[in-house]
Every structure is written in structure tokens, then in C-alpha cells.
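**Student:** any chance you could fold what I've pasted below:
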Amino acid sequence: MTPSDPSLPPSAEPAPAAGPAGARPPIHLHWSGMTHVGKVRPNNEDAFLALTFDGHDVRYLGKVGDASLCGGDFVFAVSDGMGGAKSGEFASRITVDRVTKLFPRAFRLAAAGMGSGFPDLLNELVMAIHNDLLKLGYSYEECAGMGATLSLGWFTPEWMYFAHIGDSRIYYLPKEGGLTQVTHDHTHVGWLRRQGKVNEREARTHPRRNALQQVLGAGHQFVEPHIGAVHHHPGDRFLFCSDGLVDGLWDRQLEELIRTPPPERAELPPARCLVEESIERSGRDNTTAVIVEIRAGSTEGGAPGNNSSAPAA
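**Tutor:** Numbers count the residues shown, from 1 in each chain. Purely as a prediction, here's the structure:
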């Protein structure tokens with residue numbers, strides 16, 4: 001991931017290997033997350049994850065919270081499952097569960113100086129999940145063909161490292177500047193849009209817009225996740241979402257709603273505002289959003305709210 005890539009936000013640049021943070025003014029994260037089955041689907045195949053870890057244990061976070069980055073790193077992710085019966089729902093749950101189990105291990109390796117840098121750590125994580133889903137698909141008839149997307153952000157005091165596969169998305173909204181899609185949709189239509197051959201309107205109505213070229217599991221033997229980093233600053237915001245959210249909202253509307261929600265939803269958590277607006281306009285698919293805002297914090301940074309602990313993997 002380099003600044004010369006036109007698909008990347010201006011502040012995206014090569015990042016150092018993940019590890020202990022250097023001296024920097026305290027940074028807080030404020031987050032909110034919501035998932036909804038929508039108006040049409042019988043079950044919700046989306047899942048999202050919010051957790052913090054410090055190499056010793058991992059703590060699940062509530063749907064809304066605020067915490068300092070001084071005490072550990074944070075991970076937020078969205079996964080959209082697919083498959084017959086309820087195997088799509090199963091696939092997305094497995095995906096976020098594997099992230100929870102594998103990330104503290106990666107953190108310990110990086111903190112100890114034995115890690116090979118964030119690209120290798122994130123690639124190993126994605127491939128481990130992919131292989132788990134493949135094995136389940138081959139071993140159980142009810143899991144045959146199941147797969148999942150994954151859009152994941154790993155927040156440290158200076159960087160948001162990301163790993164992505166599929167057509168869920170990560171957007172970056174800097175304090176000053178417009179909304180940018182950080183991740184590449186792994187679809188032919190996504191490639192066409194990155195090449196400038198179709199615009200947003202044409203991409204949204206293209207007959208092959210939902211045909212995935214890469215996904216975790218689903219019998220795909222070869223996957224190449226999109227991995228990179230964004231250097232964040234106070235006032236920046238990140239959106240993690242499933243394709244159901246953007247089915248109901250254009251990129252321009254996403255930015256407007258994040259910056260200035262309508263009066264009737266001004267008091268709602270930002271993620272809930274986006275999900276409810278999207279469902280009101282469409283609702284044809286499961287709809288999920290997680291919004292993370294970078295804030296300058298005090299030196300006393302509080303602990304994450306509404307969280308539960310689980311042993312580190």
C-alpha cells in the first residue's frame with residue numbers, strides 16, 4: 001500500500017511493523033456498531049466484532065463505547081456470510097470468532113519483536129480463517145460452499161492496519177477532506193470502477209455487481225487479501241460496513257450522515273443512524289455498520305465500557 005495508489009486516501013502510506021507504540025499524545029477511540037436483518041432476508045448473515053487486547057487477554061466491547069488506546073490495541077471487523085440454509089450465518093460467526101482467538105497471539109509476537117510486520121501477521125490471520133472455512137465446507141454437507149467476507153481494522157495509537165477480502169468495505173473520512181473507500185471490492189465491477197470504466201451509479205446497477213471473485217472459504221483455493229495501513233489523526237473517522245449498507249446509501253450520503261445526521265436521528269449512535277437510514281431507503285439485504293472516531297484523549301484514559309473478558313488465544 002503506497003501513496004501512489006490512486007485508490008488510497010491521501011494519508012495512507014507505508015507503515016512500520018506493528019509493535020509497541022512510541023511516545024504520542026493519548027488517543028481515544030469512540031465507536032458504535034449495529035447490525036440488522038433488513039426487510040427481506042429471513043436471517044441475518046452479517047456479523048460485526050469489537051474487541052480490545054493487550055497480549056494477555058482479549059475483551060469484547062459493547063456496541064457503543066469510548067476508550068483510550070494507551071492500554072492496548074483495538075480491532076473492529078465486519079463479516080458477511082453466504083451459503084445455503086443457515087451456513088452463511090454460521091460462516092460470518094466463525095470468521096469473527098477466529099479473529100478473537102488469533103489476534104492476541106499475533107500481538108504477543110509483534111510486541112516481542114518476533115513478528116514479521118503487520119502485512120505478514122494479517123495475511124496469516126486471513127489465511128487461517130480461510131482454511132478453517134474450507135475444511136468445514138469439505139467435512140460437513142450442511143457447510144458445503146459456505147463463505148464469508150471480512151473487512152478488519154487493527155487500531156494502534158498511530159495506525160489503522162487493515163485486512164480485507166470480499167465486498168464488505170472500509171471507508172476513511174478524515175477530519176478535513178472527503179470520504180474515501182480504502183478497500184477494494186473483490187468483484188469484476190469493483191475492478192471496473194477502480195479503472196474508471198464505470199461510475200458509482202453504473203456500478204450499483206451492474207448485473208454482476210454481487211459476483212464475488214474472492215471470498216473466505218466457499219471452495220476458493222486461492223485468495224489474496226487486500227492489506228494496508230492508514231495513519232490516523234484526531235478527528236478522523238472510519239466506517240466498516242457490509243454491502244447491505246451501501247445498497248441503500250450512496251457514498252455522498254454516507255459522508256453527509258456521518259458528519260451531520262438528520263435532526264430526528266441526531267441523538268442516535270452514528271452506526272445506528274446509518275443502518276436505519278439505509279434500511280428505510282432499501283432494506284433488501286442484511287445491513288451492518290461500525291463507525292470508529294479518533295479523538296484526542298486525556299492522560300487518564302478510561303477503560304472500555306460494556307465489555308466482557310475472554311482468555312487470550
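**Student:** pretty sure residue 255 is touching residue 179, no?
**Tutor:** Yes. Contact criterion Cβ atoms under 8 Å: residue 255 and residue 179 qualify, at 4.0 Å. Using the backbone N, CA and C atoms, a C-beta is placed for each residue, glycine as well.
**Student:** which residues does the nearest residue to residue 155 once chain neighbours are set aside form beta bridges with?
**Tutor:** Distances taken as Cβ to Cβ, 6 or more residues apart in numbering put residue 74 closest to residue 155, at 4.3 Å, once the chain neighbours are dropped. On the basis of DSSP bridges, residue 74 is bridged to residue 52, residue 155.
**Student:** hmm, residue 74 is touching residue 51, no?
**Tutor:** Yes. Look at residue 74 against residue 51 with Cβ under 8 Å: they come within range, at 7.2 Å.
**Student:** list residues touching both of those two?
**Tutor:** residue 61 (Cβ atoms under 8 Å, 6 or more residues apart in numbering).
**Student:** what sits against residue 282?
**Tutor:** Per Cβ under 8 Å, 6+ apart, neighbours of residue 282: 244, 247-248.
**Student:** element containing residue 151?
**Tutor:** strand 150-155 (DSSP states H and E).
**Student:** now swap in residue 252 and tell me
**Tutor:** Counting by DSSP H and E, residue 252 is part of helix 251-259.
**Student:** again with residue 274
**Tutor:** helix 270-281.
**Student:** buried ones in that helix?
**Tutor:** 270-279 (16 or more other Cβ atoms under 10 Å).
**Student:** before we move on, back to that, now, which of the contacts of residue 282 lie within helices?
**Tutor:** 244, 247-248 (DSSP state H).
**Student:** tell me which of those is nearest to residue 98?
**Tutor:** Distance to residue 98 across those (Cβ to Cβ) is lowest for residue 244, with 22.3 Å.
**Student:** and the residue nearest to residue 155, how close does it get to residue 67?
**Tutor:** Counting by Cβ to Cβ, to the nearest Å, the gap from residue 74 to residue 67 is 7 Å.
**Student:** stretch 280-290: end-to-end distance?
**Tutor:** 18 Å (Cα to Cα, to the nearest Å).
**Student:** chain center to that stretch: distance?
**Tutor:** 16 Å (Cα atoms, centre = their mean, to the nearest Å).
**Student:** average pLDDT for it?
**Tutor:** Average pLDDT, stretch 280-290: 96.
**Student:** now do the buried residues in that stretch.
**Tutor:** Result for stretch 280-290 [16+ other Cβ under 10 Å]: buried residues 282-283, 285-290.
**Student:** before we move on, back to that, CA atoms of the helix holding residue 252 as CSV?
**Tutor:** Taking Å, rounded to 0.1, in the frame of the first residue of the first chain, the C-alpha atoms of helix 251-259 are listed here in CSV:
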residue,chain,number,x,y,z
ASP,A,251,-21.1,7.5,-0.8
ARG,A,252,-22.1,11.1,-0.7
GLN,A,253,-25.0,10.3,1.6
LEU,A,254,-22.7,8.2,3.9
GLU,A,255,-20.4,11.2,4.4
GLU,A,256,-23.3,13.6,5.0
LEU,A,257,-24.9,11.3,7.6
ILE,A,258,-21.6,10.7,9.4
ARG,A,259,-20.8,14.4,9.6
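**Student:** helices or strands up against it?
**Tutor:** In terms of contacts (3 or more Cβ pairs under 8 Å, 6 or more residues apart in numbering; DSSP states H and E), helix 251-259 is packed against strand 169-173, strand 237-241, helix 270-281.
**Student:** outside of the second one, which residues touch it?
**Tutor:** Going back to what we said before, that points to strand 237-241. 48, 76-78, 151-153, 160, 168-173, 230, 232, 254, 258, 274, 288-294.
**Student:** what does the first one give?
**Tutor:** By Cβ under 8 Å, 6+ apart, the surrounding residues in contact with strand 169-173 are 9, 11-12, 151, 153, 162, 164, 179-183, 185, 230, 236-241, 243, 246, 251, 254-255, 258-259.
**Student:** if you set the cut-off to 6 Å instead, what comes out?
**Tutor:** 9, 151, 162, 179-183, 230, 237-241, 258 (Cβ atoms under 6 Å, 6 or more residues apart in numbering).
**Student:** ok, the residue lying closest to residue 214 once chain neighbours are set aside - contacts?
**Tutor:** Nearest residue to residue 214, sequence neighbours excluded (Cβ to Cβ, 6+ apart): residue 186, at 3.9 Å. When contacts are counted by Cβ under 6 Å, 6+ apart, residue 186 touches 166, 212-214.
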